[in-house]
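*Asks:* After the sequence you'll find the predicted model.
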Amino acid sequence: MTTDSLRARPGTRTRTPDRPAGRPRLLPRPRAGRQHHAGPVTYVLLALAALVSLFPLYWTMVAASSDNTRITQTPPPFLPGPHLLDNLGKAWQDAALGKAMANSLIVAGTIALSTVLFATLAGFAFAKLRFRGRNILLMLVIGTMLVPPQLGVVPLFMMMTQLGWSQQLPSVIFPTLVSAVGVFFMRQYLAEALPDELVEAGRVDGAHSLRIFWSIVLPVARPAMAVLFMITFVHAWNDFFWPYIALDMENPTVPVALTKLSEGYIRDDSLIMAGALLGTLPLLAMFLVFGRQIVGGIMQGAVKG
Amino acid sequence: MATSTPLPPPGATAPPGRRARRSTLLHRLDLRAAPYAFIAPFFVVFAAFSFYPLIYTCWISLHHVELSTLNLMEWVGFDNYTALWNDDRFWNALRNTFTIGVISTVPQLLMALGLAHLLNYRLRGSAFFRVAALTPYATSVGAAALVFTMLFERDFGMINWFLSLFGVDHIDWESNKWAAQSAISSIVIWRWTGYNALLYLAAMQAIPLERYEAAAIDGASRWQQFLKVTIPGIRSTIVFTIVLSTIGATQLFGEPLIFGQGPNGITGGADNQYQTLGLLLYEEGWKNYQMGRAATVAWAMFLLLILLFLVQRVLRRLLSRTS
């Protein structure tokens, strides 16, 4: 549905039942959604929305490429200055962003990988396998979305101290190894995309469940897994509350390291902005390349949500 | 991964007859047990790192525990709760959480609804508009809050400069209570409006076209169609986003923390003018080293969530009865 809905469709709305039979429709499409053409006002408003969405990021780049006197002038600068690389280099060192980047990459990468694996396994079971208590357990999974994990930070902190993981990466990785959202997302996808006959055929051939998962489910699930990977990666990369508590400045993730920049004794604005830019750059790059897929994934996960 | 391999490969040396019997046995075991093995990782992780801590939070809240001596738990009964009840900072934080929650959630969802409506037109470059709307979502709380703090700077910030073009005097966004709360809300609104708009858009596109046609035949204007067809058509999604943003609002932490820049952040400003419950929790636990108190705040936040859901349910009942 994702690519279909992104493409412009013929104006179904104007088409009446007694339309001339000269141009047969090649592909019957589900008739859904509004099909009004956008007028100029719509475009102006949308452009305004895009401007508000993108301007803070653009301005981050402007500030990160200026020195402090330029940032504080009136009116504020609107074009990039010449100091981008200097500031980025300084922020990289002062906020220990190199270490933070590596940590965030490990944390977000591990969480995204394990979420995709476990969510696909569970999603497959909930979508296509029969077992006692399936519906109740699925309701339970959805119900857990309502329990914000932040509420358990005090015992979680004590637990991590006991496990010897305080200020270590496992303390932020383990609590989010798999998410209810991920399980539900994969279940919705597999329930539709994986034909029952394919699973049955695997059974007839004598394949056990794990084998079916590996050779039948995984190939079908791959597009959804890619999207889930990216969405989970974004969330894990941006997660703040628990990492802020669990990690210290010696061993931070990117968002945690960024707070150090603003807490310095002497505020260095261009440095702060350079750090913010650096910390966001990996995700922005991902959005630049896979933005459409991420948009499609979020919309697809939402329809039945 | 280990939990999902309940089956060892059938013994290769077994004689054919026994092997067949054994494999049917294994087959049945596989059918029975594999589903549970597949869903087990989720439940294990949830039980260990969400459910157990939540319950244990309640237990800790009945004790005096200090950050430096986590093993020493001294039973104090409901002392932490009575202390919290008599603590002005708690009621202040509760009020702030509520007001920031309202001024960040209501405009956010309304704007998301409008944006989704615009995106639902047949557009050139719709992919661009959608990705652009979602880009703030890719920005971490850390980075977004840093940038907005700068935009809201009193002396040279972009926003005060812009307002000064219309003759508005420079606003001290940090120390003025309502200004600070609006600024913090604007960070939340900026990050989440596009995301919610995409959820609404997906639901809007699933509304059958026939309903619009029927409404048009009945002479409904565009605006009436929006109210009578679109809104009811995406109702479950609206409820879903209300629930999600309510949860998010009660947990608000990173935005005010970074907005206050350093020590001022944890207390939510010099006069606690924007301290949320999340910040109070952190202040009690990791600044005042009172883990029992922190657990009490966490449990209060949980009760608040439950209360909100009950209120919301009752409201929905009443609304569906009246309509």
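*Replies:* Structure received.
*Asks:* where does the stretch 1-150 of chain B have low pLDDT?
*Replies:* For the stretch 1-150 of chain B, the stretches with pLDDT under 70 are B:1-20.
*Asks:* mind redoing it with 90?
*Replies:* B:1-32, B:67-74, B:77, B:121-125, B:138, B:140-142, B:150 (pLDDT under 90).
*Asks:* Okay, helices next: where are they in it?
*Replies:* B:16-46, B:52-60, B:79-85, B:88-119, B:126-134, B:141-151 (DSSP state H, counting those that start in this stretch).
*Asks:* Next, see if the third one gets close to chain A.
*Replies:* No. Among the residues of helix B:79-85, none lie within reach of chain A under Cβ under 8 Å from any Cβ of the partner chain; the closest is 11.7 Å away. Heads up, the C-betas are built off the backbone N, CA and C, glycines and all.
*Asks:* which of the residues in that helix are buried?
*Replies:* B:79, B:80, B:81, B:84 (16 or more other Cβ atoms under 10 Å in any protein chain shown).
*Asks:* wouldn't the last one be in contact with residue B:300 here?
*Replies:* Spelled out, it's residue B:84. Yes. With contact defined as Cβ atoms under 8 Å, residue B:84 reaches residue B:300; the gap is 6.5 Å.
*Asks:* If we go by neighbour counts, what in whatever helix or strand residue A:222 lives in is buried?
*Replies:* Secondary structure assignment for residue A:222, by DSSP states H and E: helix A:218-238. Neighbour-count burial for helix A:218-238, counted by 16+ other Cβ under 10 Å, picks out A:220-221, A:224-225, A:227-238.
*Asks:* Now do that helix and helix B:141-151, the angle between them.
*Replies:* 40 degrees (axes from the mean of the first three to the mean of the last three Cα atoms, to 10 degrees).
*Asks:* what about helix A:218-238, average pLDDT?
*Replies:* Averaging pLDDT along helix A:218-238 gives 92.
*Asks:* Run the contact check for it versus chain B.
*Replies:* Yes. Residues of helix A:218-238 are located near chain B by Cβ under 8 Å from any Cβ, namely A:234, A:237, A:238.
*Asks:* Then stretch A:46-63?
*Replies:* Yes. Residues of stretch A:46-63 contacting chain B under Cβ under 8 Å from any Cβ: A:46, A:49, A:50, A:52, A:53, A:54, A:56, A:57, A:59, A:60, A:63.
*Asks:* Using CSV, please lay out the residues you listed together with neighbour count.
*Replies:* Converted to CSV, these look like this (neighbours: other Cβ atoms under 10 Å in any protein chain shown):
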residue, neighbour count
A:46, 23
A:49, 21
A:50, 19
A:52, 17
A:53, 23
A:54, 15
A:56, 21
A:57, 19
A:59, 19
A:60, 24
A:63, 29
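*Asks:* Of these, which pair is most distant in space?
*Replies:* For the residues of stretch A:46-63 next to chain B, the farthest-apart pair by Cβ to Cβ is A:46 and A:63; their separation is 26.3 Å.
*Asks:* Closest residue of the stretch 101-250 of chain A to chain B?
*Replies:* residue A:152 (2.8 Å; Cβ to the nearest Cβ).
*Asks:* what residues are up against that residue?
*Replies:* Applying Cβ atoms under 8 Å, 6 or more residues apart in numbering or on different chains to residue A:152 gives the contacts B:49, B:50, B:52, B:53, B:54, B:56, B:57, B:298.
*Asks:* Most neighbours among those, which one is it?
*Replies:* residue B:298 (29 neighbours; other Cβ atoms under 10 Å in any protein chain shown).
*Asks:* does any part of whichever strand or helix holds that one sit near chain A?
*Replies:* Using DSSP H and E, residue B:298 falls within helix B:291-322. Yes. Against chain A, helix B:291-322 shows contacts by Cβ under 8 Å from any Cβ at B:291, B:294, B:295, B:298, B:299, B:301, B:302, B:305, B:309.
*Asks:* Return the members of the residues you listed classed as buried.
*Replies:* B:291, B:294, B:295, B:298, B:299, B:301, B:302, B:305.
*Asks:* OK, contacts around residue A:104?
*Replies:* Residue A:104 neighbours (Cβ under 8 Å, 6+ apart): A:237, A:253, A:254, A:282.
*Asks:* Export these as a markdown table, with columns for distance to residue B:126 and secondary structure.
*Replies:* Formatted as a markdown table, the contacts of residue A:104 follow (distance: Cβ to Cβ, whole Å; DSSP: H, G, I helix; E, B strand; the rest coil):
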| residue | distance to residue B:126 | secondary structure |
| --- | --- | --- |
| A:237 | 27 | helix |
| A:253 | 34 | coil |
| A:254 | 31 | helix |
| A:282 | 26 | helix |
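*Asks:* out of the residues you listed, what pair is the most spread apart?
*Replies:* A:253 and A:282, at 12.0 Å, using Cβ to Cβ across those.
*Asks:* Return every residue with contacts to both of those two.
*Replies:* A:104, A:237.
*Asks:* related to what we said a few turns ago, of the buried ones among the residues of helix B:291-322 next to chain A, which is the nearest to residue A:127?
*Replies:* Out of those, the member with the shortest distance to residue A:127 (by Cβ to Cβ) is residue B:305, at 29.8 Å.
*Asks:* Just confirm that closest one contacts residue A:150, I think it does.
*Replies:* No. Contact criterion Cβ under 8 Å: residue B:305 and residue A:150 do not qualify, at 10.8 Å.
*Asks:* thinking residue A:276 is in contact with residue A:258, fair?
*Replies:* Yes. At 6.3 Å, residue A:276 counts as touching residue A:258 under the criterion of Cβ under 8 Å.
*Asks:* tell me, what's touching these two both at once?
*Replies:* B:142, B:143, B:146.
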